[in-house]
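>>> From the sequence below, what's the structure:
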Amino acid sequence: MKSEDEKQADADSARFCHQLVLDFPIERVFQKIYISAKFLEVQQECMKNLYVSIVGCKVYTIEDRVWVRDPSTRKDIPTRRKREYEVKYNSNSYEAWCVCKLMESSGIICRHIIAVFEKNDVEVVHDMFILQRWRKD
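Reported below is the predicted structural model:
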């Protein structure tokens, strides 16, 4: 059953191309290479990025809203509470690490790293953020 679902997802990804919502360079990269389901997850992180503000530099301190999942609608909703996250960024190699660990747990780049990339005009995505499992090819 799961393999059939994955085959269907691969077929859908080959036929359809989701629109860009925010036209971030990072969003464009993942639109081209990721299957639809994973691209939509990255796109959600891009949209949530609108709630993020960068507070520090060197090791970036990112202020973000706390998000909760509404059980009835199964959608993430921002709360008024805020939390700070730290992102370490290497401008020479385009590598970045965030304390939220979304990349390590879900396999998608987090909005905190996207915010740092946007601030630094990064249009190159390091291989550490592109998992072969979610690629269209």
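>>> can we go C-alpha only for contacts and neighbour counts from here?
Noted.
>>> Give me the pLDDT for residue 22.
On pLDDT, residue 22 comes in at 77.
>>> repeat for residue 64
94.
>>> How about residue 44?
In this model, residue 44 is scored at 90, pLDDT.
>>> Report the separation between it and residue 108.
As for residue 44, its distance to residue 108 is 10 Å (criterion: CA to CA, to the nearest Å).
>>> Who has more neighbours out of those two?
A count of neighbours by other CA atoms under 10 Å puts residue 108 above the other of residue 44 and residue 108, at 21 against 16.
>>> For the more buried one, which residues are in contact?
The contact partners of residue 108, by CA atoms under 8 Å, 6 or more residues apart in numbering, come to 38, 41-42, 102, 129-130.
>>> Let me have the residues you listed in JSON lines, extended by neighbour count.
Listed next are the contacts of residue 108 as JSON lines, based on neighbours: other CA atoms under 10 Å:
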{"residue": "38", "neighbour count": "19"}
{"residue": "41", "neighbour count": "16"}
{"residue": "42", "neighbour count": "23"}
{"residue": "102", "neighbour count": "15"}
{"residue": "129", "neighbour count": "16"}
{"residue": "130", "neighbour count": "18"}
